[in-house]
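Chemist: Sequence first, then the predicted structure, then my questions.
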Amino acid sequence: MKSISLFVERESFVHGIDPITKLYYILFAIIIPIILPSFTISAICLGTSIILLIFAKVMRKTLPVYSFVFFVLITVVIIQGLFKPGNETVLLQLGPVAMYKEGLQFALTIVFRVTNIVSAFMILVLTTKPSDLVEALVRKGMSPRIGYVIVSVFQIIPEMMTTMSTIMDAQRSRGMETEGKLLVRIKAFIPLLGPVVLGSLINTKERAMALEVRGFNSRNPKTYLNEEKTYPNSRFIQAVMLVLTVCAVAWRMFL
Amino acid sequence: MIKVSNLSFSYTGGGVPVLSDINLEFDQRTTAIIGQNGAGKTTFVKLLKGLLKATYGEILIGEYDVKMRTAAELARKIGLVFQNPNDQIFKRTVLDETMFGLLNIKMGRYTAEKLAVEALELVGLDDKLSMNPHDLSLSEKKLLCIASVVAMDTDIVIFDEPTIAQDHAGKEIIRRIIQKLKEKNKLVLTIIHDMDFVAENFDRTIVFNEGKVLLDGSTREVFSQKDVLEEANVEPPGITQLANRLGLKNTILTVDEFLHECAK
Ligand SMILES: Nc1ncnc2c1ncn2[C@@H]1O[C@H](COP(=O)(O)OP(=O)(O)O)[C@@H](O)[C@H]1O
Ligand SMILES: [Mg+2]
């Protein structure tokens, strides 16, 4: 079955870090540049994330995400560079259009912040199986119901896509045009919605019954199918991040 | 009516081929395709139908090159009853489901309804026209799928495992439909695991094994090759095996033949 999760199965020490620590890392990568808004600090954070992504051997998967992010950010750079109030120093003059230093600097900080956050998220998303993440969260006390909702999104969407192509095959094979021009495709797509949505509702009902039969709503504490994985380094990594954060706060306050 | 040359196919580009280098020609003889699960039979008929595109090779349906047509265009020529009825059914009532194909090939509503009801009579579902197909039993669903394809009156009709989930009465209905199509000079191609049914109803049999054609010939010829069949994990019909064990020389296909041979 197709999968919508971006998880890449690899052997690396990043894959071996527990999901909760990766969640903390996202938080860490967001707040450090807020506490210490200097350019260098943002660059160091971003550098760390990219090094981790390289170690995780998932750099290739990040490229489409980065290209999309840069595509969005380039508009920020242009607009800030041209029009930010307080633009004074002209850096580049192209006919009537002028790029200003202040705007560019500001835009660059935004670029670094956003890329930084995106990179930290990608470490989590690309190196963690969604079900592992949910399981770790449920062990931490998240309601299994919410956990189930999250996991089922990862199942239902590919399932709907499969159903869609199955029904399209059924339609094509009895003479309905589904290939070719956009209009033809749209015309074929609309009658699909009914059966696909209805089908997934029926599936949901059946899955709910299957869960009920296996005691999903029972009040007893739940056990887990998988043994709890132990992650020897996670305490250490979390402690390091905490210490660094405290140092950052101290630096900000006293220096 | 169908000519397949050098056909190869794999689902994953460059992966293990599911079918490799198939060369076959089909004429009006009713033809059974047999072979183990996973041999590539369903994949083969989906290629014929234009639902999948060949990696290599060429398929001609009549004068059409399948590659150059959309599956929808081919629908007037070739009908396929899916292996799993849930893959085929998507309308809300039995009648709508059967009329769907007819309306697509630009038939008027009135004629379409008439033909649809006729086809449903043929499979014995004409008393359930306004039922939701999903409330039918599995065997009824399969019969509905057959009706909705047969109603389109194509020159070629392909069944993918039609006898699964059918009781004796259901099998009789399918047998009757196949005979009827044969009388109308249509090509009937059937993927099937019920060897007794093959022996009694099909002129020609093709054995698929691991994506290749292992045997191809008249049904009697094919079932006489015990050793090759064993290689494909196919068991000849019970009566054929019995006759063989009793030491009868000719390959027996039906109970009547068996009695006839014994009476000599
Ligand atoms: N949609 C698909 N994607 C990938 N592999 C498939 C798909 N459908 C079938 N296969 C594989 O192709 C092979 C042949 O399948 P199929 O044609 O269904 O065999 P048969 O109908 O003879 O049982 C099997 O190994 C099966 O796992
Ligand atoms: Mg099959």
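Modeler: It's in. Ligands and ions are numbered 1, 2, ... in the order given.

Chemist: per-residue pLDDT, residue 253?
Modeler: You didn't pick a chain, so chain A it is. Model confidence at residue A:253, expressed as pLDDT, equals 87.

Chemist: ah, I was thinking of chain B
Modeler: Taking residue B:253 on its own, its pLDDT is 92.

Chemist: Ok, residue A:126 next?
Modeler: The score at residue A:126 is 90. That number is its pLDDT.

Chemist: so it touches residue A:7, yeah?
Modeler: Yes. Contact between residue A:126 and residue A:7 holds when scored by C-beta atoms under 8 Å: they sit 6.6 Å apart. C-beta coordinates here come from the backbone N, C-alpha and C atoms, glycine included.

Chemist: show me where chain A has helices.
Modeler: Secondary structure of chain A by DSSP state H: the helices cover A:19-35, A:39-55, A:59-83, A:101-127, A:130-139, A:144-173, A:182-213, A:234-254.

Chemist: can you check the stretch 1-150 of chain B too?
Modeler: Along the stretch 1-150 of chain B, the segments classed as helices by DSSP state H, counting those that start in this stretch run B:41-48, B:71-74, B:94-104, B:109-123, B:138-150.

Chemist: Make JSON lines from these and add distance to residue A:238, mean neighbour count and mean pLDDT to it.
Modeler: Conversion of the helices of the stretch 1-150 of chain B to JSON lines gives the following (distance: least, C-beta to C-beta, whole Å; neighbours: other C-beta atoms under 10 Å in any protein chain shown; pLDDT from 0 to 100):
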{"stretch": "helix B:41-48", "distance to residue A:238": "51", "mean neighbour count": "22", "mean pLDDT": "95"}
{"stretch": "helix B:71-74", "distance to residue A:238": "56", "mean neighbour count": "22", "mean pLDDT": "88"}
{"stretch": "helix B:94-104", "distance to residue A:238": "58", "mean neighbour count": "23", "mean pLDDT": "94"}
{"stretch": "helix B:109-123", "distance to residue A:238": "66", "mean neighbour count": "17", "mean pLDDT": "95"}
{"stretch": "helix B:138-150", "distance to residue A:238": "54", "mean neighbour count": "24", "mean pLDDT": "95"}
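
Chemist: Next, format the ones you listed as a markdown table and append distance to ligand 2.
Modeler: What follows is the helices of the stretch 1-150 of chain B, written out as a markdown table (distance: least, C-beta to the ion, whole Å):
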| stretch | distance to ligand 2 |
| --- | --- |
| helix B:41-48 | 3 |
| helix B:71-74 | 18 |
| helix B:94-104 | 22 |
| helix B:109-123 | 21 |
| helix B:138-150 | 14 |
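
Chemist: Ligand 1 is nearest to which of these?
Modeler: If you check each of those against ligand 1 by C-beta to the nearest ligand atom, helix B:41-48 wins as the nearest, at 3.2 Å.

Chemist: And that closest one, what does it pack against?
Modeler: Under the contact criterion of 3 or more C-beta pairs under 8 Å, 6 or more residues apart in numbering or on different chains; DSSP states H and E, helix B:41-48 touches strand B:2-9, strand B:19-26, strand B:31-34, strand B:56-61, strand B:78-81, strand B:156-160, strand B:187-191.

Chemist: Residue A:248: neighbouring residues, count only.
Modeler: The local packing count at residue A:248 equals 18, with neighbours defined by other C-beta atoms under 10 Å in any protein chain shown.

Chemist: Contacts only, for it.
Modeler: Contacts were defined as C-beta atoms under 8 Å, 6 or more residues apart in numbering or on different chains; by that measure residue A:248 touches A:32, A:35, A:36.

Chemist: Check what pLDDT it gets.
Modeler: Per-residue confidence at residue A:248 stands at 91 (pLDDT).

Chemist: Tell me how many other residues crowd residue B:167.
Modeler: When neighbours are counted by other C-beta under 10 Å, residue B:167 registers 9.

Chemist: OK, contacts around the residue lying closest to it once chain neighbours are set aside?
Modeler: Using C-beta to C-beta, 6 or more residues apart in numbering or on different chains and skipping residues adjacent in sequence, the residue nearest residue B:167 is residue B:139, 6.9 Å away. Remark: with contacts taken as C-beta under 8 Å, 6+ apart, residue B:139 is in contact with B:165, B:166, B:167, B:170.

Chemist: Right, I'll call it a day here.
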